[in-house]
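Asks: this one's sequence-less:
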């Protein structure tokens, strides 16, 4: 890991219930949105899925992200946007950290 660990103000947020081994996130919940601070081990492929609109920033690591039929490598400093309902998948070969905004309340339940 190159970046500093998330500070206590983030690690003290509620943790997300995520059914994927090697993925954890802390959730900031708004009335109609969520912000998730992800840490993802090199878990390989997250299968195709869709949900509300998602906008994210890569803090550390690399992710191959396929949005609809286009695949692109995202690295530290890059941002990405996935429109609502668009099928997407990702592949993680390195430790990855990102902050993602979801345009929906309760995208993830918390522990």
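Replies: Right, received. Where do you want to start? Values in this document were obtained by computation on a predicted structure and should not be read as measured data.

Asks: Please name the nearest non-neighbouring residue to residue 18.
Replies: Spatial nearest neighbour of residue 18, chain neighbours left out: residue 25 (6.2 Å); criterion: C-beta to C-beta, 6 or more residues apart in numbering. (C-beta placed from N, C-alpha, C; glycine too.)

Asks: Residue 103 now?
Replies: Once flanking residues are discounted, residue 103 sits nearest to residue 53: 4.1 Å by C-beta to C-beta, 6+ apart.

Asks: distance of the one you found from residue 60?
Replies: 23 Å (C-beta to C-beta, to the nearest Å).

Asks: out of these two, which sits in the more crowded spot?
Replies: Taking neighbours as other C-beta atoms under 10 Å, residue 53 and residue 60 compare with residue 60 leading, 18 against 15.

Asks: Check residue 2 and give its pLDDT.
Replies: The predicted structure scores residue 2 at 64 on the pLDDT scale.

Asks: got it, and the one 4 residues further on?
Replies: Per-residue pLDDT puts residue 6 at 95.

Asks: so what's the spatially closest residue to residue 56 that is not a sequence neighbour up against?
Replies: In this structure, residue 56 finds its nearest non-sequential neighbour in residue 100, 3.9 Å apart by C-beta to C-beta, 6+ apart. The contact partners of residue 100, by C-beta atoms under 8 Å, 6 or more residues apart in numbering, come to 35, 36, 38, 54, 55, 56, 57.

Asks: Would you write a ChimeraX line that selects the buried entries of the residues you listed?
Replies: Buried residues within the contacts of residue 100, by 16 or more other C-beta atoms under 10 Å, are selected in ChimeraX with:
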select :35,36,38,54,56
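
Asks: As a markdown table, the contacts of residue 100 with pLDDT, secondary structure and distance to residue 18 would be great.
Replies: As requested, the contacts of residue 100 are arranged in a markdown table below (pLDDT from 0 to 100; DSSP: H, G, I helix; E, B strand; the rest coil; distance: C-beta to C-beta, whole Å):
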| residue | pLDDT | secondary structure | distance to residue 18 |
| --- | --- | --- | --- |
| 35 | 98 | strand | 15 |
| 36 | 98 | strand | 9 |
| 38 | 98 | strand | 9 |
| 54 | 98 | strand | 15 |
| 55 | 98 | strand | 19 |
| 56 | 98 | strand | 15 |
| 57 | 97 | strand | 19 |
